[in-house]
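Student: A structural model of the following input is requested.
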Amino acid sequence: MPEGVPEGQILGIEGTAWNLSASVFGEDLISLYSNPYSPPSGGIHPREAAQHHASVLKEVVSKALSETDLDKIAGVAFSQGPGLGPCLRTVGTAARTLALTLGVPLIGVNHCVAHVEIGRFACGCKDPIVLYASGANTQVLGFLRSRYRIFGETLDIGLGNSIDKFARSKGLPHPGGPLVEKYAKEGSPISLPYTVKGMDLAFSGLMSAAKDSKAPIEDVCAGYQETAFAMCVEVTERALAHSGKDEVLLVGGVGANRRLQEMLGEMCDERGASFYVPERKYIGDNGAMIAYTGKIMLEAGQTLSPEDSAVNPNFRSDDVEVRWRSDTGNLSYERANRIECGNARGAEAVVTLCDGGRNVLKRRLSKGYRTAELDRRLIAERTRAEARMISLARRCGVATPVIRDITHDSIVMENIRGSMLKLVLNDENVYNAGVAVGRLHSGGIIHGDLTTSNIIVADDTGSGASKPYVIDFGLAYNSTELESRGVDLHVFFRTLESTAPEMSHLLKSFSEGYAAAFKDAADVLERVDEIKMRGRYLH
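Tutor: Predicted coordinates for the structure are as follows:
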């Protein structure tokens with residue numbers, strides 16, 4: 001602990017949305033008390049929730065403090081964001097008043113990061129890929145160089161909110177998650193839209209189709225869960241494969257769902273990774289996560305003055321400088337296998353050298369966490385799409401492997417000898433990658449999984465010049481829409497930023513290469529900025 005930092009207990013107050021909760025944390029949990037807002041109908045109304053919080057705040061905080069002595073309180077922590085503005089302001093005002101009254105430091109805690117930290121504390125995991133699934137937030141996170149980097153997230157609505165809105169459309173009360181889970185156990189899943197874009201995902205199409213379905217409620221709920229959760233597990237696995245980490249942590253209110261836990265556990269078993277989920281009292285919004293994170297922030301000297309403690313409804317998890325972790329996070333590219341290894345495994349497929357190393361056999365793997373029907377459909381669709389889109393990409397002047405043969409789940413193709421872009425990041429290689437993607441988009445091709453793992457940098461016929469080969473077109477499709485192109489680049493930029501945060505100049509190099517090959521590049525790059533803003537707290 002830094003010299004001069006007070007030892008003691010931390011009072012934490014959580015109130016980002018529906019739950020007003022307070023806790024005291026010392027070496028371990030001392031107290032936790034909550035009084036949630038329950039709307040009489042419909043969803044959460046921000047002002048009504050704030051009024052509820054104000055009306056019960058004294059009671060909640062008093063009960064949390066009743067199990068300790070006030071002179072042991074060394075700091076007051078509060079949820080600074082993201083969240084509903086009126087709720088955040090109510091809690092922020094109370095926290096400032098208490099800190100000034102007690103004469104102790106004030107700590108502003110990021111709600112998303114607090115979920116991760118209480119999960120790490122409760123489960124004992126060290127450096128996991130985190131699936132954070134709550135009402136308003138759905139993100140895949142990983143720690144690297146003093147920040148929690150976002151590998152992927154929802155592009156439209158949070159998973160929990162989508163479930164709640166679907167449930168209301170079927171006349172179910174708020175919150176809808178527990179009843180949807182109950183009905184799903186009694187039903188047979190129907191087929192619903194499945195939308196994954198690299199490590200990002202979207203739930204609005206799924207939600208609309210489920211709302212409109214005339215199938216029995218049990219079957220629709222089963223289909224909703226199986227589809228939405230498979231999407232979440234897939235993007236988590238993709239981040240796990242890309243980063244080479246070997247732990248997965250599930251946090252957030254939706255994480256209480258047993259089926260989601262089961263599916264993530266199956267994926268981790270298949271990959272030899274460890275899976276963690278905290279006990280129920282820590283998994284949803286709670287004061288303990290704010291108090292604990294406030295404690296480790298105070299120990300690292302991360303406090304606020306009252307005048308600098310304004311709440312932030314759009315507070316991103318990657319905006320937080322994590323000074324309390326002494327490690328730098330781990331990207332184990334040795335575990336994230338390379339093609340030259342002979343039997344490499346990615347997120348979806350195993351790639352094996354064949355024909356004396358001249359070719360590779362890429363075979364898509366069946367996923368035990370998916371229903372058999374969904375699994376067969378995705379494998380067949382993605383195998384066909386990959387073969388078709390590779391052929392189209394070559395016609396656009398993009399270097400890709402030459403296809404030798406194809407079956408329902410496998411493709412034999414040319415072995416490209418080189419290194420994944422993520423292993424050889426420099427301005428020249430990233431510029432050339434931008435040119436390749438610009439040519440794809442000029443030809444109306446959206447890659448769909450544009451990451452630094454899916455571009456191989458190879459020597460061009462021994463000349464020494466680097467040449468980017470684009471691979472893994474399983475999620476590719478044809479589109480000339482600005483939005484589709486923007487999402488494609490958003491996925492790439494997110495991956496680049498999350499694995500090479502110290503190399504921000506590479507974004508400029510990629511953009512210059514992209515603009516050199518695609519006349520509408522400026523419009524697409526502007527749309528990328530819009531898409532990035534949408535990822536902020538989704539009410």
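
Student: all contacts plus neighbour counts: C-alpha atoms, from now on.
Tutor: Noted.

Student: Return stretch 290-309 as PDB; C-alpha atoms alone will do.
Tutor: C-alpha atoms of stretch 290-309 as PDB (Å, rounded to 0.1, in the frame of the first residue of the first chain):
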ATOM      1  CA  ILE A 290     -18.300  -0.600  -5.600                       C
ATOM      2  CA  ALA A 291     -16.900  -0.900  -2.100                       C
ATOM      3  CA  TYR A 292     -14.300  -3.500  -3.000                       C
ATOM      4  CA  THR A 293     -13.200  -1.600  -6.100                       C
ATOM      5  CA  GLY A 294     -13.100   1.600  -4.100                       C
ATOM      6  CA  LYS A 295     -10.900  -0.100  -1.600                       C
ATOM      7  CA  ILE A 296      -8.200  -1.200  -4.100                       C
ATOM      8  CA  MET A 297      -8.500   2.200  -5.900                       C
ATOM      9  CA  LEU A 298      -7.900   4.000  -2.600                       C
ATOM     10  CA  GLU A 299      -4.900   1.800  -1.900                       C
ATOM     11  CA  ALA A 300      -3.500   2.800  -5.300                       C
ATOM     12  CA  GLY A 301      -4.100   6.500  -4.500                       C
ATOM     13  CA  GLN A 302      -7.000   6.900  -7.000                       C
ATOM     14  CA  THR A 303      -9.300   9.400  -5.300                       C
ATOM     15  CA  LEU A 304     -11.400  12.400  -6.400                       C
ATOM     16  CA  SER A 305     -11.900  15.900  -5.100                       C
ATOM     17  CA  PRO A 306     -15.600  16.800  -4.800                       C
ATOM     18  CA  GLU A 307     -15.300  19.300  -7.600                       C
ATOM     19  CA  ASP A 308     -13.900  16.700  -9.900                       C
ATOM     20  CA  SER A 309     -16.500  14.000  -9.000                       C
END
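
Student: Sort out which residues of that stretch are buried, please.
Tutor: Buried residues in stretch 290-309, counting neighbours by 16 or more other Cα atoms under 10 Å, are found at 290-304, 306, 309.

Student: Check what contacts that stretch and list those residues.
Tutor: If you take Cα atoms under 8 Å, 6 or more residues apart in numbering as the criterion, stretch 290-309 is touched by 1-2, 5-6, 9-14, 23-26, 75-80, 92, 96, 105-109, 111, 114, 117-118, 323-324.

Student: Tell me, how many residues neighbour the spatially closest residue to residue 455 that is not a sequence neighbour?
Tutor: Nearest residue to residue 455 in three dimensions, chain neighbours excluded: residue 470, at 4.6 Å (Cα to Cα, 6 or more residues apart in numbering). Residue 470 has 28 neighbouring residues, counting by other Cα atoms under 10 Å.

Student: what's near enough to touch residue 470?
Tutor: Residue 470 makes contact with 398-400, 436, 454-456, according to Cα under 8 Å, 6+ apart.

Student: My read is that residue 383 contacts residue 403, right?
Tutor: No. Between residue 383 and residue 403 there is no contact under Cα atoms under 8 Å: 11.9 Å.

Student: Which one of those two is surrounded by more residues?
Tutor: Comparing residue 383 with residue 403 by other Cα under 10 Å, the one with more neighbours is residue 383, at 23 against 18.

Student: Show me the contact partners of the host helix or strand of the more buried one.
Tutor: For residue 383, the host element (DSSP states H and E) is helix 372-395. Contact with helix 372-395 is made by 191, 364-367, 399-401, 403, 406-411, 440, 443, 445, 471-477, as judged by Cα under 8 Å, 6+ apart.

Student: Which entries within these meet the buried criterion?
Tutor: Listed as buried from these are 191, 364-367, 399-401, 403, 406, 409-411, 440, 443, 445, 471-477; burial here means 16+ other Cα under 10 Å.

Student: Can you flag which of these belong to strands?
Tutor: Counting by DSSP state E, these place 364, 403, 406, 410-411, 445, 477 in strands.

Student: Just send these back as CSV, with pLDDT and distance to residue 19 too.
Tutor: Output for those, formatted as CSV (pLDDT from 0 to 100; distance: Cα to Cα, whole Å):
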residue, pLDDT, distance to residue 19
364, 96, 43
403, 96, 55
406, 96, 53
410, 97, 49
411, 97, 50
445, 98, 45
477, 95, 42
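
Student: Just put the residues you listed in TSV and tack on distance to residue 219.
Tutor: Written out in TSV, the entries for those read as follows (distance: Cα to Cα, whole Å):
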residue	distance to residue 219
364	28
403	40
406	35
410	32
411	35
445	35
477	30
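
Student: how about the strands in the stretch 251-400 of the chain?
Tutor: 274-276, 343-345, 349-354, 359-364 (DSSP state E, counting those that start in this stretch).

Student: Likewise for the stretch 1-150 of the chain?
Tutor: Listed in chain order, the strands of the stretch 1-150 of the chain (DSSP E, counting those that start in this stretch) span 9-14, 19-25, 29-36, 73-81, 106-110, 129-133, 138-144, 147-153.

Student: Only C-alpha atoms, please: export the first one in CSV.
Tutor: Spelled out, that is strand 9-14. The C-alpha trace of strand 9-14 is given here as CSV (Å, rounded to 0.1, in the frame of the first residue of the first chain):
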residue,chain,number,x,y,z
GLN,A,9,-13.0,0.0,5.5
ILE,A,10,-14.8,1.4,2.5
LEU,A,11,-18.4,2.3,2.2
GLY,A,12,-19.6,1.7,-1.4
ILE,A,13,-22.9,2.9,-2.9
GLU,A,14,-24.3,1.5,-6.1
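
Student: what lines up beside it in the sheet?
Tutor: strand 19-25 (antiparallel), strand 73-81 (parallel) (DSSP bridges).

Student: what stretches of the stretch 251-400 of the chain score poorly on pLDDT?
Tutor: The model of the stretch 251-400 of the chain has pLDDT under 70 over residues 330-343.

Student: returning to what we had before: indicate which one of the strands of the stretch 1-150 of the chain is closest to residue 219.
Tutor: Among these, strand 129-133 comes nearest to residue 219, with 22.7 Å by Cα to Cα.

Student: The closest one to strand 138-144, inter-axis angle?
Tutor: 150 degrees (axes from the mean of the first three to the mean of the last three Cα atoms, to 10 degrees).

Student: start to end distance for stretch 445-452?
Tutor: 18 Å (Cα to Cα, to the nearest Å).
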